[in-house]
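A.B. asks: sequence unavailable; structure follows:
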DNA sequence: ATGTGACCCTGGATGC
DNA sequence: TGCATCCAGGGTCACA
């Protein structure tokens, strides 16, 4: 479930709850997620203060004094606060213990990542080549038009390419393209400036609405409730194959682009 | 450089 | 009930 909005909500929850707090102890139960977790890392982390929680794309950067924890939640990861007496379950890979607040990393599929960096994390290979942040002023129709110029791949996988734009996952790419009335199969370099002029604000609007929704759902981020956000009830096209388009009533269609499912309205998106 | 597909891993839903 | 298959909100990598 972690898309940019959920990562951002998670970041805010961490910042609100334990920024400035001392990481008394870390428990690392799993030798490797996407990448190996060094054996001595838990001991190395103990006693450090959490200075800040940042986000770059879908990566969380937890700045401790003397280094940085880089966390990615992959497809199935989550970070939640639990109480110290909450027994770990099968896929609970890591606990970060801040007094009576325990930040617990869960990730059944283990596509996520946990790295310890002592150098500038923004220079790390995983971060350095990331694309533009969609919620910044720099992300404009003109920028997107220039970036996609000459590209023949379809607009939807282009939006999902984190080397171009970060944080736009499979759901938000579909929802944003619906909002802007653009066929997900259109060649990226052929989408008109006028259409990109609708797409860019659609992306910003979609992400911001999801952050608000996630924020309301995860308001008790520090609690133990692992409930999902309610924003899926607002999906216009995602996972609605065969259901009537909310604008025109035509049946929503599904197709595959790359290895991912795409949903769109064949009448509204041309 | 760009585009495409395989692959990483577990679990849930579905079909036989 | 068991088993096979497919699918899932992420990203990296090899290869054409």
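C.D. replies: Nice, I can see it. Computed from a predicted structure; not experimentally measured.
A.B. asks: any chance you could map the strands in the stretch 1-150 of chain A?
C.D. replies: Using DSSP state E, counting those that start in this stretch, the strands of the stretch 1-150 of chain A run over A:22-23, A:25-28, A:48-56, A:59-64, A:67-72, A:78-82, A:92-98, A:101-106, A:113-117.
A.B. asks: what's the closest of those to residue A:149?
C.D. replies: Using CB to CB as the measure, strand A:48-56 is the one of the strands of the stretch 1-150 of chain A that comes nearest residue A:149, at 25.4 Å. Quick note: C-beta positions are derived from backbone N, CA and C, even for glycine.
A.B. asks: beta partners for residue A:63?
C.D. replies: On the basis of DSSP bridges, residue A:63 is bridged to residue A:52, residue A:68.
A.B. asks: what's the separation between it and residue A:102?
C.D. replies: Between residue A:63 and residue A:102 the distance is 19 Å, computed by CB to CB, to the nearest Å.
A.B. asks: more neighbours: these two, which one.
C.D. replies: In terms of neighbours (other CB atoms under 10 Å), residue A:102 is the more surrounded of residue A:63 and residue A:102; the figures are 21 against 17.
A.B. asks: setting aside sequence neighbours, what's the nearest residue to the closest residue to DNA strand C within the stretch 51-200 of chain A?
C.D. replies: Nearest to DNA strand C in the stretch 51-200 of chain A, going by CB to the nearest atom of the strand, is residue A:169, at a distance of 2.1 Å. Nearest non-adjacent residue to residue A:169, counting by CB to CB, 6 or more residues apart in numbering: residue A:3, 4.4 Å away.
A.B. asks: over to residue A:18?
C.D. replies: Nearest-residue entry for residue A:18: residue A:98, 4.5 Å, with adjacent residues in sequence omitted and distances by CB to CB, 6+ apart.
A.B. asks: and for residue A:61?
C.D. replies: For residue A:61, the spatially nearest residue (CB to CB, 6+ apart) is residue A:54, at 4.1 Å.
A.B. asks: contacting residues for the residue of the stretch 51-200 of chain A closest to DNA strand C?
C.D. replies: Contacts for residue A:169 (CB atoms under 8 Å, 6 or more residues apart in numbering) come out as A:3, A:4, A:58, A:160.
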